[in-house]
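Enquirer: no sequence for this one, just the structure:
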């Protein structure tokens, strides 16, 4: 499958913003089943765009404009060839020990109720890690209903669990928190997901989870969709939670009120066969 992405993030400021810095995790890497054919980041104003790698192995771009700006558009365009690996992730850049992904964060901390939920799922059948994780993927949307919406609406896992609803980041955080409570390393993944109905317009980038399975490696689990990780998915960045893999995070001085608009197209087509 060849997936083409056009992703525009449009910022408008009430007054010219000074000292603007945008940190972007918007560039995917090659790994088994994912082959980046073209990819570029463009900005609507002049400035310095530098690339580096973070501790998770993500490609990170830093953008600083040359002058104060009252508007900024970040435009990502690219094409990626994908293959269905049944969720098994191999050939990725791994910089951190497996145990690192057992760490709690504010967004992935558990509550007593969430711990009880995780333990109930773990003891409700085959106790192997893969079987437990599949049951957990199925159980999370039964207790936290998926509601489409921007990542800005995301809340800590325990809060989303108590509310019984959340955006994709919330469901991923609940899954991650439960897996870590069971002693299974887990992490957040940010990327793009093509729509099942074939339409290209998408509301926002997507987020899901990966968990470490003995003798298999990292495996993708998406509580929002039954076909968790298919050839309609582009994996872009990973982190302990959404904040560590967010597509764009920034800071500025002044500028007054900020308005944000996102336009995203994720289009599927047949790609060239891989050798």
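Expert: Arrived safely, thanks for sending. These numbers were taken from a predicted model, which means no experiment stands behind them.

Enquirer: For stretch 153-168, measure first residue to last.
Expert: End-to-end distance of stretch 153-168 (C-alpha to C-alpha, to the nearest Å): 10 Å.

Enquirer: which other residues reach that stretch?
Expert: 106-111, 113-114, 117, 143-151, 169-171, 173-174, 176-177, 206-208, 224, 242 (C-beta atoms under 8 Å, 6 or more residues apart in numbering). (Glycine included, C-beta is placed from N, CA and C.)

Enquirer: Are any of those buried, and if so which?
Expert: Among those, those classed as buried by 16 or more other C-beta atoms under 10 Å are 107-110, 114, 117, 143-144, 146, 151, 169-171, 173-174, 176-177, 206-208, 224, 242.

Enquirer: now, which of these lie within helices?
Expert: With DSSP state H as the criterion, helices contain 114, 117, 143, 169, 170, 171, 173, 174, 176, 177, 242 from among the buried ones among the contacts of stretch 153-168.

Enquirer: which two from those end up farthest apart in space?
Expert: The distance between the two most remote of those (C-beta to C-beta) is 20.5 Å, for 117 and 242.

Enquirer: these two touch, right, residue 72 and residue 21?
Expert: No - Residue 72 lies out of contact with residue 21 (C-beta atoms under 8 Å); the separation is 11.2 Å.

Enquirer: Looking at these two now, which is surrounded by more residues?
Expert: residue 72 (21 against 14; other C-beta atoms under 10 Å).

Enquirer: And the nearest residue to that one once chain neighbours are set aside, what's its pLDDT?
Expert: Of all residues not flanking residue 72 in the chain, residue 11 sits nearest, at 4.6 Å (C-beta to C-beta, 6 or more residues apart in numbering). On pLDDT, residue 11 comes in at 94.

Enquirer: Show me what whichever helix or strand residue 11 is part of is packed against.
Expert: Secondary structure assignment for residue 11, by DSSP states H and E: strand 2-27. Applying 3 or more C-beta pairs under 8 Å, 6 or more residues apart in numbering; DSSP states H and E, we find strand 2-27 packed against strand 34-43, strand 59-65, strand 69-82, strand 186-193, strand 233-239, strand 248-253, strand 258-269.

Enquirer: Great, nothing more from me.
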